[in-house]
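Colleague: okay, structure incoming, though there's no sequence with it:
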């Protein structure tokens with residue numbers, strides 16, 4: 001059984017704080033379900049946008065796990081604002097979480113699938 005998006009995001013925020021980082025929910029979506037987008041800010045100013053991985057990334061061994069893919073990288077996070085606005089128009093139930101990782105790399109906080 002897949003956990004609710006609200007619970008999953010809460011757990012992500014706790015893991016980030018537990019690793020000495022910072023996390024904030026920028027946009028709260030549907031409690032039960034909703035696509036999650038994560039903006040990760042590095043210490044040197046680089047920003048990476050993670051979004052839901054394509055359905056082909058999922059397998060029958062772990063059907064309930066959430067997988068993410070890298071949607072883009074930038075030195076300026078404002079470049080992702082337009083992308084997230086388009087996503088909100090397509091699906092108003094999305095979640096946007098911004099994190100600044102601490103001692104744990106983002107790849108250990110999220111299940112990132114390589115394209």
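Modeller: Cool, the structure landed. Values in this document were obtained by computation on a predicted structure and should not be read as measured data.
Colleague: most centrally placed residue in the chain?
Modeller: residue 38 (2.7 Å; C-alpha atoms, centre = their mean).
Colleague: correct me if wrong: it contacts residue 49.
Modeller: Yes: judged on C-beta atoms under 8 Å, residue 38 makes contact with residue 49 at a distance of 7.5 Å. Yep, even glycine has a C-beta here, placed from its N, CA and C like the rest.
Colleague: residues contacting residue 23?
Modeller: By C-beta atoms under 8 Å, 6 or more residues apart in numbering, the contact set of residue 23 is 12-13, 16-17, 97-100.
Colleague: quick check: buried residues in the longest strand belonging to the chain?
Modeller: Across the chain, the longest stretch assigned as strand under DSSP state E is strand 67-74. When burial is assessed from 16 or more other C-beta atoms under 10 Å, strand 67-74 yields the following buried residues: 67-71.
Colleague: got a list of contacts for it?
Modeller: Against strand 67-74 from outside (C-beta under 8 Å, 6+ apart): 36-38, 46-54, 57-58, 79-80, 83, 110-113, 115.
Colleague: okay, and the beta partners of the closest residue to residue 13 other than its chain neighbours?
Modeller: Counting by C-beta to C-beta, 6 or more residues apart in numbering, residue 23 is the residue found nearest to residue 13 once chain neighbours are left out, at 4.3 Å. Beta bridges link residue 23 to residue 99 when assigned by DSSP bridges.
Colleague: excluding chain neighbours, what is closest to residue 36?
Modeller: Residue 36 sits nearest to residue 95 (C-beta to C-beta, 6+ apart), 4.6 Å away.
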